[in-house]
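*Asks:* return atomic coordinates for the entry below.
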Amino acid sequence: MNFPIILTWTRVAMIPLLIMIYYLPIPWGEKDIYRDAIGTVFFVLAAITDWLDGWLARRLNQTSAFGAFLDPVADKLMVTAALIILLFLSRVDPIIAVIIIGREITISALREWMATLGARSNVAVHWLGKVKTIVQMIAIPCLLYGHTIAGIDFKILGTVLIVLAAVLTIWSMCYYLKSAWPHLVNEK
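*Replies:* Residues are numbered from 1 along each chain as shown. The predicted structure is shown next:
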């Protein structure tokens, strides 16, 4: 147990808190702006811990096999929880949510299978996947907040970005599947 892993566990622990903000019958008044602001802050803090735990693990030379396993699981759980909340709020199209969640499951399974073949490096993280993650991690808080500040409609901005994230999601999935294709066709 080290500080980067504690940060990752903190991100996992924030998932039920994020869900409770939106699902508990708390009287937020006529406007849900406070609920949405609190939920957005929770998600942004979780996203910061995602970046920080990896940076600290490398910087402090505290990388571990368990951390390498737990970090992407925590990310996928947080994104999935946020997408389900956005579905509940009718702020994301179900097809977009299925594309993003389905890709995460598919690529996780593909990486696991490729690891059993000793070819995990064929589906290592690529810049395209990183760009997809960045766009997604900006889109989701915009949609969680979903209100207008200083003339910026975060719901519209988030919608545009989540559609872009879905396109990048499909593109990156195709890239990973293409990289794994020789192993897929040679499997007996």
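
*Asks:* can you show me the strands along the protein?
*Replies:* Chain-ordered strands for the chain, with DSSP state E as the definition, fall at 148-149, 152-153.

*Asks:* center of this structure, which residue is that?
*Replies:* residue 79 (3.6 Å; Cα atoms, centre = their mean).

*Asks:* show the contacting residues for that one.
*Replies:* By Cβ atoms under 8 Å, 6 or more residues apart in numbering, the residues touching residue 79 are 100, 101, 104, 136, 140. For glycine as for every other residue, the C-beta is placed from the backbone atoms N, C-alpha and C.

*Asks:* pLDDT score for the residue nearest to the first one when sequence neighbours are not counted?
*Replies:* Spelled out, it's residue 100. Nearest non-adjacent residue to residue 100, counting by Cβ to Cβ, 6 or more residues apart in numbering: residue 169, 5.4 Å away. Looking at residue 169, its pLDDT is 94.

*Asks:* residue boundaries of the helices in this structure?
*Replies:* Secondary structure of the chain (DSSP state H): helices located at 3-23, 33-59, 65-88, 94-116, 127-145, 154-186.

*Asks:* and stretch 21-38, how far out from the chain middle?
*Replies:* Mean-position distance between stretch 21-38 and its chain equals 23 Å (Cα atoms, centre = their mean, to the nearest Å).

*Asks:* same question for it: list its buried residues.
*Replies:* By neighbour count with 16 or more other Cβ atoms under 10 Å, stretch 21-38 contains the buried residues 21, 22, 35, 36, 38.

*Asks:* the first one against residue 41, yeah?
*Replies:* So that's residue 21. No. Checked against Cβ atoms under 8 Å, the pair residue 21 and residue 41 is beyond contact range at 9.6 Å.

*Asks:* so residue 63 is in contact with residue 57, correct?
*Replies:* Yes. Between residue 63 and residue 57 there is a contact at 4.7 Å, judged by Cβ under 8 Å.

*Asks:* of the two, who's got more company?
*Replies:* residue 57 (21 against 15; other Cβ atoms under 10 Å).
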